[in-house]
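Undergrad: quick one: sequence and predicted model below, then my questions.
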Amino acid sequence: MIVAMLPSSSTITQQPFSSWPRSSVPISLSFKSRLTSLNPQFRAALVEAKPSPNSLEVLSLPIDRADDIQAETKAMARAVNASVYSPELVASRYGSKPFKVVGRAFEIVFSLGSFGLKLLWEQRNGVADKNKRVRAIELRSIFTKLGPTFVKLGQGLSTRPDICPIEYLEELSELQDGLPTFPDDVAFECIERELGLSLDSIFSTISPSPIAAASLGQVYKAQLKYSGKVVAVKVQRPGIEEAIGLDFYLIRGLGFLINKYVDRITTDVVALIDEFACRVFQELNYVQEGKNARRFKKLYADKEDILVPDVFWDYTSAKVLTIDWVDGVKLNEQEAIERQGLNVLDLVNTGIQCSLRQLLEYGYFHADPHPGNLLATPEGKLAFLDFGMMSETPEEARYAIVGHVVHLVNRDYEAMAQDYYALDFLSRDVDVSPIVPALRNFFDNALDYTVSELNFKTIVDGLGNVLYQYPFNVPAYYALILRSLTVLEGLALYADPNFKVLAASYPYFAKRLLTDPNPYLRDALIELLFKDGKFRWNRLENLLVQGRKDRDFSAKEALQPALKVLLSPDGEVLRNLVIKEAVRVSEAFTLGTISDTYQYVPAFLRTLVLNGIAKEPLLTSETERQNMIELRDQVIRIWKLLQSSNDFDPSLLLPILQVVQQPEARKLGGHVVGGITQRLAARFLLQVLGAPSSTST
């Protein structure tokens, strides 16, 4: 079992853990001397002490918010000089260091240049498509050898279907840093320098070597001296700012050349590099990461199955981050998870629901959700770690995504293409008409499957092929959330090849459509439920069945927004549709009841009373009778679904009674009664006169 607070894309160092009594490790003024005095065979062991009863009492006390704010303010002051990415500053800094720039440029050009020549040769000889997979594997290897900047760059490219073909997306998504750790004494000196305190005054114990290492830093497990709290201490790799800054200076120059000479790539590569560099430099500021973790915890840790570690501001700076230690197993270690009596698919489903909330509710989401940043705790919770790279979904885009799903279900590809404006995929001056056939060709095949059969990765790959052929610019937030869901689906498929992320996501979308009062989503729901002036009861039933699977579903929330829209001043068109549907449903209940009664009447009485007017009163055929009964039974099932909701009680109907008393509602009821009377009278006269009838009478 691996137990760690993992940095981004971390390479794990597995070590045996042991608990030593505090008295067995002498606390000296020099932490280096303590390390050297340890028996070499224990250098890899974790030195930790059990919290005393008094320290447990401290942990049980509520956090003093004022002290916490003060500690955070001090941490921000310690990080006031943290590096921030600026193209101008990077250019001025490295433009005056020609030898360093040329040396690094030669290393990069030699590695990537030979790769580019191979691509050019294969393209001219017509074998480029055949060798895509081989070249993608080679590029992944090159990025790994070139170091942290290029590992980060490769991981970023793995989320960009508008730039990379599918083979490259798949290979780059598997990038692992594989970088060696840096010396422990350098890390410990960094902690003391950044915090202005000796290690002995901060920690009662700390692991003599890192538990985990990645491109930007490495992590130690320690115990705070003042409280006995077990924490993870992340220390930044020395010289990382210099290395990354130099690399981005060179990569940005390459971006200008790509923009100028590579017509096939329509995205502004320089802007993309600048955006990515900003995110990487933000990761170098651990105080900002701490603030990200706090915000994420506030928004999403309200669910009992989500765990987010808290930050210890007193021991955090730009290059040192101290947070709660999380015991757990990486989400891709299925056997270790199952040994704890946990189910991988339950944890993956928790991750999917949390990702959807991040994307569509608050818009603030974890942008680097690889397996090392997702741990299964012994209590069955899903722990999110490493908040250095975060992103946000614009509010307009959140609702547009839900609308996009509705248009997809309705196969309205023209509307889907228009959605790409709101999603910021396309500028308004781009004509979307050529894109519609490509969307239709792909999704018509994909939508032949049921919701439970759809594979998210297949859809993402297919959509990526469409994006790659047209002038799309996939926003960072959208590409990153796609990566998040594909990572989760990959973990789920490893545990169960038949698992479908889209099926697991559908209850959330159903719940949002049924309960969210936002006008855009109200319109999306109406669009989904009405077609050609007729209400699609099967869609509503399916939404309720799926929506109730989401534990936050509320029948009260599902009823009230719909009533509000129906009786609003702008709801006249919808009211007219509802009047027609209410007439149809009332007719179905009336004729269904008559039909049921008719079935129990003896044959001789049918002939005597009805004198052979029809096989069944007011019904023209067996097909019509079945349709009426099916509609009636479907409406009854929908009502029972609402009744069976946890928060359903008769008082929910009080707002409806109040609405019914309004003049607009009484007028609506009058139209319904009038419509039913006219339809039944028409049916009766047609049967008496022996005229042909139809269900549209």
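TA: That came through, no problem.
Undergrad: ends of stretch 76-87, what's the gap?
TA: The straight-line separation of the ends of stretch 76-87 (CA to CA, to the nearest Å) is 24 Å.
Undergrad: got it, and stretch 525-541?
TA: End-to-end for stretch 525-541, by CA to CA: 13 Å.
Undergrad: now stretch 358-371
TA: Start-to-end span of stretch 358-371 (CA to CA) is 18 Å.
Undergrad: strands of the protein, residue ranges please.
TA: Counting by DSSP state E, the chain has strands at residues 11-12, 203-206, 212-213, 217-224, 230-236, 306-307, 320-324, 329-330, 364-366, 374-376, 382-384, 390-392, 530-531, 534-535.
Undergrad: pick the most deeply packed of the ones you listed.
TA: Neighbour counts (mean count of other CB atoms under 10 Å) averaged over each of the strands of the chain peak at strand 374-376, with a mean of 28. (Each C-beta comes from the backbone N, C-alpha and C, glycine too.)
Undergrad: what's in contact with that one?
TA: Residues outside strand 374-376 that contact it (CB atoms under 8 Å, 6 or more residues apart in numbering): 6, 326, 328-331, 337, 340, 342, 344, 347, 351, 382-385, 491.
Undergrad: about what we covered before: ok, which of the strands of the chain comes nearest Gln643?
TA: Set against Gln643 and scored by CB to CB, the strands of the chain come closest in strand 534-535, at 20.1 Å.
Undergrad: what pairs with the closest one, and is each one parallel or antiparallel?
TA: Each strand paired with strand 534-535, and its direction, by DSSP bridges: strand 530-531 (antiparallel).
Undergrad: just to revisit the earlier point, so which of the contacts of strand 374-376 sit within helices?
TA: Taking DSSP state H, the ones among the contacts of strand 374-376 that sit in helices are Ile337, Val344, Leu347, Gly351, Leu491.
Undergrad: where's the third one relative to Ile323, distance?
TA: In this structure, Leu347 and Ile323 are 21 Å apart, going by CB to CB, to the nearest Å.
Undergrad: circling back: adding distance to Ser92 and mean pLDDT, write the strands of the chain out as a markdown table.
TA: As requested, the strands of the chain are arranged in a markdown table below (distance: least, CB to CB, whole Å; pLDDT from 0 to 100):
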| stretch | distance to Ser92 | mean pLDDT |
| --- | --- | --- |
| strand 11-12 | 34 | 40 |
| strand 203-206 | 39 | 95 |
| strand 212-213 | 32 | 82 |
| strand 217-224 | 27 | 94 |
| strand 230-236 | 24 | 96 |
| strand 306-307 | 44 | 94 |
| strand 320-324 | 28 | 96 |
| strand 329-330 | 42 | 88 |
| strand 364-366 | 33 | 89 |
| strand 374-376 | 40 | 91 |
| strand 382-384 | 38 | 94 |
| strand 390-392 | 28 | 85 |
| strand 530-531 | 60 | 76 |
| strand 534-535 | 65 | 75 |
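Undergrad: in the ones in helices among the contacts of strand 374-376, find the pair that's most separated.
TA: The span of the ones in helices among the contacts of strand 374-376, defined through CB to CB, is set by Ile337 and Gly351 at 12.9 Å.
Undergrad: what do the two both touch?
TA: Leu331.
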